[in-house]
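Asks: okay, here's the prediction I keep looking at, along with the sequence it came from:
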Number of protein chains: 2
Amino acid sequence: MFDLHTEADAVCDAPNMSVALSRREDETFAEPAPDPARARCTTCMMRNICMAASLEAGEMARLDSVVRSWRSVKQGERLYRAGDPFRSLYAVRVGSFKTVVAPERGKETISGFYMAGDSIGMDGVCQETHNCDAIALEDSVVCVIPFHQLEALCREIKPLQRHLHKMFSAEIVRESRQMMLLGNNMSAEQRVAAFLLNVSARYRERGYSATSFVLRMTREDIGSFLGMTLETVSRTLSKFQQEGLLTVQGKSIELLNLDALDAR
Amino acid sequence: MFDLHTEADAVCDAPNMSVALSRREDETFAEPAPDPARARCTTCMMRNICMAASLEAGEMARLDSVVRSWRSVKQGERLYRAGDPFRSLYAVRVGSFKTVVAPERGKETISGFYMAGDSIGMDGVCQETHNCDAIALEDSVVCVIPFHQLEALCREIKPLQRHLHKMFSAEIVRESRQMMLLGNNMSAEQRVAAFLLNVSARYRERGYSATSFVLRMTREDIGSFLGMTLETVSRTLSKFQQEGLLTVQGKSIELLNLDALDAR
DNA sequence: CGGAAGGTTGACGAAGCTCAAGCACCGTGG
DNA sequence: CCACGGTGCTTGAGCTTCGTCAACCTTCCG
């Protein structure tokens, strides 16, 4: 039921997908029997932007043997919570997630949005404890990548080690860009425009339309991510619509003028 | 001139240090002759919070053999610039740095402050190009850690690999905390208080006073880092002083009530 | 079909930005 | 030694943007 063909379909149809997935991850379970239906990097649609990127066939097969299980997470459910022990990285196979950081005092903040092909959980390595909640924005599926095994493999496969380091570093760069967006020399309009262009670019990378897409998150999520209120997000989108930069209908967005958005 | 004893002195006297350091890094130079005066992790005051943390003696010696050179950077000079090819991580041995990200358009932003024992440059891994400028806030010295060699060593020394991954992850966590601080549900007062407490804690970790220290950066730097103007930083500090939370005299700060600051 | 969650829009106020003026500090050069 | 200029810091006044509060609408799902 999850062979190459239907898997490809599932990925392509990700936004509407609601296939019932019954097999659950059990990370403490020692050595599950080989399962022809389990995750396979070698055939995954996301292999070029995921952990396996730039590996040769033989190396990818070895990675395959580490990524033995996947897990399905329903909309609104948590993949992990802050404080959970860290054991694995997760590669989003289908669907999308938000990560939420909650300070001791103060309101919780969305620290990132992740879509198919992105990896989640790297924040957990340093204290061996997850540092945020990861919540599914829609019904989703992730590959489970046991971190100790991945580290062991990285000691043997240089390109995999290199790739893991690049993933860590890319997350650092992504966050430092986000910090720049939040640093108050950027107006609400600039932030929303930058956010839309970012989402657009990521859809494009994945082969979807760069100009017409559905935002999986709420206005409140966007506001939290961009450091403003949901009202301001809403007003800004309305204003952009009035100016003919885009059309917005609830969560559906159509960008009409990427250049003008970029010029903000 | 840079043996165990004077090195320890140099670290302790970091803020006032102005020793003339003449030997420069030459990363392309293949195999410099062993130099008794070069950096030594085994005897470095910072070894417990730096790259070498948690290594055994033998392992540390191997790391030593990779960290063969250091580089001195005068106040205001750049350790590297955005766009420079990435080859090495740098561990701050003496002094302190700020990192500055500049977008295509828009004002540049301070993305971090780094003091002795911190490592800089992990943002460069993902594109093999530095992603920000690193500028010395005072006359400083860094250890040069050629990244390819470090990766090679990580494939052999598991605790070093683990430590490198934790450093990456800690940088991610640090940035996501900073993003939370910038997300606008925090007032200027809360941000400044959190900043001061953060600096305080880092001085404490390094054995300096947690309540009395000199800020090496300008008000403008702080403002950029915290997402506000230098005027607001100045006003906030003045207000804290009026309320008896601290005394401020230019760059010299004395914290009088850590708990009250924390309660902001 | 009804209720809850999410989204839009308006009115008002306040936090913090901008602009401006003046002061303190420090290294340089006469 | 002091004068001087530059950089950084402080403080004030007015203004703008965006947050807050509130009312109402839309959409979705059980």
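Replies: Here it is on my side, so go on.

Asks: got the phi/psi numbers for A:Phe86?
Replies: Backbone dihedrals for A:Phe86, given as degrees, to the nearest 10, come out at phi -90, psi 130.

Asks: wait, what's in contact with the residue most central in space within chain A?
Replies: Of all residues in chain A, the one closest to the mean position by CA atoms, centre = their mean is A:Tyr114, 1.8 Å from it. Listed by CB atoms under 8 Å, 6 or more residues apart in numbering or on different chains, the contact set of A:Tyr114 reads A:Val92, A:Ser96, A:Phe97, A:Lys98, A:Thr99, A:Ile120, A:Ala134. Just so you know, the C-beta spots here come from the backbone N, C-alpha and C atoms, and that holds for glycine as well.

Asks: which of the helices or strands spans it?
Replies: Take DSSP states H and E as the rule and A:Tyr114 turns out to sit in strand A:109-115.

Asks: can you show me the CA trace of that strand as PDB?
Replies: Extracted C-alpha coordinates of strand A:109-115, given in PDB (Å, rounded to 0.1, in the frame of the first residue of the first chain):
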ATOM      1  CA  THR A 109       6.300  31.600  20.100                       C
ATOM      2  CA  ILE A 110       6.400  29.800  16.800                       C
ATOM      3  CA  SER A 111      10.000  29.300  16.000                       C
ATOM      4  CA  GLY A 112       9.700  27.600  12.600                       C
ATOM      5  CA  PHE A 113       7.500  26.000  10.000                       C
ATOM      6  CA  TYR A 114       8.700  22.800   8.300                       C
ATOM      7  CA  MET A 115       7.400  21.000   5.200                       C
END
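
Asks: all strands in chain A, in order from the N-terminus.
Replies: The residue ranges that make up the strands of chain A, judged by DSSP state E, are A:69-73, A:78-80, A:88-94, A:96-101, A:109-115, A:119-120, A:133-136, A:140-146, A:212-214, A:246-249, A:252-255.

Asks: about what we covered before: nearest residue to the residue nearest to the centre of chain A in space, please, no chain neighbours.
Replies: Nearest in space to A:Tyr114, with sequence neighbours left out and distances taken as CB to CB, 6 or more residues apart in numbering or on different chains, is A:Phe97 at 4.6 Å.

Asks: ok, that neighbour to B:Leu226 distance?
Replies: Computed as CB to CB, to the nearest Å, the A:Phe97 to B:Leu226 distance reads 29 Å.

Asks: hmm, A:Asp259 and A:Ala193 touching each other?
Replies: No. In this structure, A:Ala193 sits apart from A:Asp259 without contact. The criterion is CB atoms under 8 Å, and the distance is 11.0 Å.

Asks: okay, those two: which has more neighbours?
Replies: Higher neighbour count among A:Ala193 and A:Asp259: A:Ala193, with 23 against 7, using other CB atoms under 10 Å in any protein chain shown.

Asks: in space, what's closest to that one - neighbours in sequence excluded?
Replies: Sequence neighbours aside, A:Arg264 is the residue nearest to A:Ala193 in space, at 4.0 Å (criterion: CB to CB, 6+ apart).

Asks: my understanding was that that neighbour contacts A:Gln190; is that so?
Replies: Yes. Under the contact definition of CB under 8 Å, A:Arg264 touches A:Gln190, with a separation of 4.9 Å.

Asks: could you find the closest non-adjacent residue to A:Arg202?
Replies: In space, and not counting its chain neighbours, A:Arg202 is closest to A:Met115: 6.1 Å by CB to CB, 6+ apart.

Asks: give the burial count for A:Arg162, as a bare number.
Replies: Quick note: A:Arg162 (other CB under 10 Å) scores 15 neighbours.

Asks: residue contacts, it?
Replies: Remark: with contacts taken as CB under 8 Å, 6+ apart, A:Arg162 is in contact with B:Glu151.

Asks: show the model's pLDDT score for it.
Replies: Turning to A:Arg162, the model gives it a pLDDT of 95.

Asks: so how far is A:Ala53 from it?
Replies: 10 Å.

Asks: give me the common contacts of these two.
Replies: Looking at what touches both A:Arg162 and A:Ala53 (by CB under 8 Å, 6+ apart), there is no common residue.

Asks: of the contacts of A:Tyr114, which is the nearest to B:Met186?
Replies: The nearest member of the contacts of A:Tyr114 to B:Met186, counting by CB to CB, is A:Thr99 at 18.6 Å.

Asks: shaky segments in the stretch 51-200 of chain A?
Replies: A:184 (pLDDT under 70).

Asks: hmm, back to that, so can I have JSON lines of the contacts of A:Tyr114 showing neighbour count and distance to B:Ser140?
Replies: Formatted as JSON lines, the entries for those read as follows, by neighbours: other CB atoms under 10 Å in any protein chain shown; distance: CB to CB, whole Å:
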{"residue": "A:Val92", "neighbour count": "25", "distance to B:Ser140": "41"}
{"residue": "A:Ser96", "neighbour count": "20", "distance to B:Ser140": "43"}
{"residue": "A:Phe97", "neighbour count": "26", "distance to B:Ser140": "40"}
{"residue": "A:Lys98", "neighbour count": "22", "distance to B:Ser140": "39"}
{"residue": "A:Thr99", "neighbour count": "24", "distance to B:Ser140": "34"}
{"residue": "A:Ile120", "neighbour count": "23", "distance to B:Ser140": "36"}
{"residue": "A:Ala134", "neighbour count": "27", "distance to B:Ser140": "38"}
